[in-house]
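Chemist: 3D model of this:
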Amino acid sequence: MEIFVLRHGDANSDSKKIIDDSKRVLTDAGIKEVDGVSRFFGEFDIKLDHIFSSPLKRAKQTSEIILKNQKKAKLTELMELKPEGIQDEVCKKITKQNASTVLIVGHNPLLTDIINYVCSQKQIACNLSLKTGGLAKIKTISVDPLKGQLEWLLTPKMIRKVSK
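Modeler: Purely as a prediction, here's the structure:
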């Protein structure tokens, strides 16, 4: 199984206008970031089987942008992908789907926790940062328990440089 981990694009952070964090939406820059990721998937012929998304608005927007160019992918909202989610619960849900190529869309610190949980040896955490619009790829070694190797982690700037 290949697992791609995508942090939602840049979102509105004007605390005077936003009362409920779950309703924050992508900024124009955030939409461009996610469009870049979608093009990246197309250029490198990455075909997703399943997209798992946080139910929060900015993550749903991110997932929907990716889904436009992933005609065969199934989209599932997971309550476990809220920012306060637990990585072990997310991993169990994902492995139950029996998909070969999946995308997880959500928030930090949970996404970084998932990468650490799946890729760390002997509970030693990696020191990494997944920026908004950032994308990581994990190649799984085992499914039960879910373990893998981090193949790469890209910032939005890196994605723009390698995409046309």
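Chemist: Sketch out the helices for this protein, chain order is fine.
Modeler: Applying DSSP state H to the chain gives helices spanning 28-43, 57-68, 87-96, 110-119, 156-162.
Chemist: Could you export the ones you listed as CSV, including distance to D144 and mean neighbour count?
Modeler: Glycine gets a C-beta too; all of them are placed from N, C-alpha and C. What follows is these, written out as CSV (distance: least, C-beta to C-beta, whole Å; neighbours: other C-beta atoms under 10 Å):
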stretch, distance to D144, mean neighbour count
helix 28-43, 27, 18
helix 57-68, 26, 21
helix 87-96, 7, 17
helix 110-119, 12, 22
helix 156-162, 32, 15
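Chemist: could these go into TSV alongside mean pLDDT and distance to L150?
Modeler: Converted to TSV, the helices of the chain look like this (pLDDT from 0 to 100; distance: least, C-beta to C-beta, whole Å):
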stretch	mean pLDDT	distance to L150
helix 28-43	95	17
helix 57-68	96	20
helix 87-96	92	14
helix 110-119	92	5
helix 156-162	92	15
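Chemist: In JSON lines, list the ones you listed along with distance to N127.
Modeler: As requested, these are exported to JSON lines (distance: least, C-beta to C-beta, whole Å):
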{"stretch": "helix 28-43", "distance to N127": "23"}
{"stretch": "helix 57-68", "distance to N127": "24"}
{"stretch": "helix 87-96", "distance to N127": "17"}
{"stretch": "helix 110-119", "distance to N127": "9"}
{"stretch": "helix 156-162", "distance to N127": "18"}
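Chemist: so which of the ones you listed comes closest to H50?
Modeler: Closest approach to H50 among these (C-beta to C-beta): helix 87-96, 8.0 Å.
Chemist: Restrict that closest one to CA atoms and write it as PDB.
Modeler: The C-alpha atoms that make up helix 87-96 are tabulated as PDB, following Å, rounded to 0.1, in the frame of the first residue of the first chain:
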ATOM      1  CA  GLN A  87      -3.200   8.200  14.900                       C
ATOM      2  CA  ASP A  88      -3.800   4.600  15.800                       C
ATOM      3  CA  GLU A  89      -7.500   4.900  15.200                       C
ATOM      4  CA  VAL A  90      -6.900   6.500  11.800                       C
ATOM      5  CA  CYS A  91      -4.500   3.800  10.800                       C
ATOM      6  CA  LYS A  92      -6.900   1.100  11.700                       C
ATOM      7  CA  LYS A  93      -9.700   2.700   9.600                       C
ATOM      8  CA  ILE A  94      -7.400   3.100   6.600                       C
ATOM      9  CA  THR A  95      -6.100  -0.500   6.600                       C
ATOM     10  CA  LYS A  96      -9.700  -1.900   6.700                       C
END
